[in-house]
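Participant: Sharing a sequence plus its predicted fold:
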Amino acid sequence: MAQNFKGRVALITGSTTGLGFGIAKVLGLGGAKVVMNYANDTERGERAFAEFKALGCEGILLRGSAINEDEITSMVQQAEEQLGPIDIVVPNATPDQPLKPIEEYDWAFYQQMLDFFVKSPYLLARAVLPGMKERAWGRIINIGSEVYQMSVSPFSAYVAAKGGQIGWTRSMSREMAPFGITVNTVNPGWIPTERHVDDPQEDKDAYLEAIPMKRWGIPEDVGEAVAYFASEESGFITGQTLCVNGGNSPW
């Protein structure tokens, strides 16, 4: 059943490409006014936003870093001035994610992972929660990864940060439950997007073979899971982690 988000405002970081754009389209087509966000590539951002609007969706495009407190505060202020109070937040922005043995990482790289997957959700939540609490309604939906369930290696920095993100989700869900605010996580599997165009074909073939459903996921699959967590129908579901990977998780 298609979700109805008419009257809702959604902020999705890193939403002009990849999974974020798929999420933006699903929520936008469902009637939400969407704040699309990017950090660096203005040309790509404007191109994606034009495609979004061509679908008949409504929203605005804002540039800003998802890990910078001042820029997040500015984005939220601009969004609420132009569209109204933010009801749905999807921390989706991500940096590059190279697989390396631990000896080849340094702490700066670990810190970058923590900034995107723990600091960013924290900053976004802190910026929008006063309004959500006042209205007694809100949805925070983190975009995690199956790597936590799959114990992927050599990938320790990314997996550790994603584990922290899931822990944050669980704790926040209990803290926010009395206010009518749900906090959940969607864990995508490997869904090829623009960032994967140069990945080795043999790696793609091996991963596809391991997926029980024997097909690749698409960004809209993730978008539909986000839409469910963002809906009225999921109002009694919080603190949960949903894998969107064709059955690839062992637990």
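Facilitator: Ah, there it is.
Participant: how far out from the middle of the chain is stretch 213-229?
Facilitator: The chain centroid and the centroid of stretch 213-229 are separated by 12 Å, computed with Cα atoms, centre = their mean, to the nearest Å.
Participant: Oh, that last question was meant for stretch 90-101, not what I typed.
Facilitator: Here stretch 90-101 is found 12 Å from its chain centre; the criterion is Cα atoms, centre = their mean.
Participant: How far does that stretch stretch from one end to the other?
Facilitator: Stretch 90-101 has an end-to-end distance of 30 Å (Cα to Cα, to the nearest Å).
Participant: likewise stretch 34-52?
Facilitator: 10 Å.
Participant: Same check on stretch 226-241?
Facilitator: With Cα to Cα, one end of stretch 226-241 sits 11 Å from the other.
Participant: what is the rounded mean pLDDT of that stretch?
Facilitator: For stretch 226-241, mean pLDDT is 97.
Participant: same question, stretch 53-65
Facilitator: Average pLDDT, stretch 53-65: 98.
Participant: What of stretch 182-198?
Facilitator: Stretch 182-198 comes out with an average pLDDT of 88.
Participant: Any idea how many residues pack against Met150?
Facilitator: With neighbours defined by other Cβ atoms under 10 Å, the count for Met150 comes to 20. C-betas here are computed from N, CA, C, even on glycine.
Participant: Chain neighbours aside, what residue packs nearest to it?
Facilitator: Excluding the flanking residues, the one nearest Met150 by Cβ to Cβ, 6 or more residues apart in numbering is Ser249, at 6.6 Å.
Participant: so the one you found touches Val152, yeah?
Facilitator: No. In this structure, Ser249 is not within contact of Val152 by Cβ atoms under 8 Å, at 11.4 Å.
Participant: and the spatially closest residue to Val152 that is not a sequence neighbour, what does it touch?
Facilitator: Spatial nearest neighbour of Val152, excluding adjacent residues (Cβ to Cβ, 6+ apart): Val159 at 6.0 Å. When contacts are counted by Cβ atoms under 8 Å, 6 or more residues apart in numbering, Val159 touches Val147, Tyr148, Ser151, Val152, Ser153.
Participant: Please tell me how far Val159 sits from Leu99.
Facilitator: For Val159, the distance to Leu99 (Cβ to Cβ, to the nearest Å) stands at 10 Å.
Participant: shared neighbours of the two, anything?
Facilitator: With Cβ under 8 Å, 6+ apart as the test, Val159 and Leu99 both reach Val152, Ser153.
Participant: what's the lowest-mean-pLDDT helix or strand in the chain packed up against?
Facilitator: The weakest-scoring helix or strand in the chain, judged by mean pLDDT, DSSP states H and E, is helix 147-150 (a mean of 88). Contacts defined by 3 or more Cβ pairs under 8 Å, 6 or more residues apart in numbering; DSSP states H and E place helix 147-150 against helix 156-176.
Participant: Who does the next helix or strand after the helix it packs on pair with, and is each partner parallel or antiparallel?
Facilitator: Using DSSP states H and E, the helix or strand that directly follows helix 156-176 along the chain is strand 181-188. The sheet places strand 181-188 alongside strand 138-143 (parallel), strand 241-244 (parallel), with pairing taken from DSSP bridges.
Participant: tell me the SS of the residue most central in space within the chain?
Facilitator: Most central residue of the chain, judged by C-alpha distance to the mean C-alpha position with Cα atoms, centre = their mean, is Asn92 at 2.9 Å. Following DSSP: H, G, I helix; E, B strand; the rest coil, the label given to Asn92 is coil.
Participant: can you tell me which residues contact it?
Facilitator: Residues in contact with Asn92 (Cβ under 8 Å, 6+ apart) are Ile12, Thr13, Gly14, Ser15, Leu19, Gly20, Ile23, Ile143.
Participant: before we move on, which element is the fifth one in?
Facilitator: Counting by DSSP H and E, the secondary-structure element that holds Leu19 is helix 18-29.
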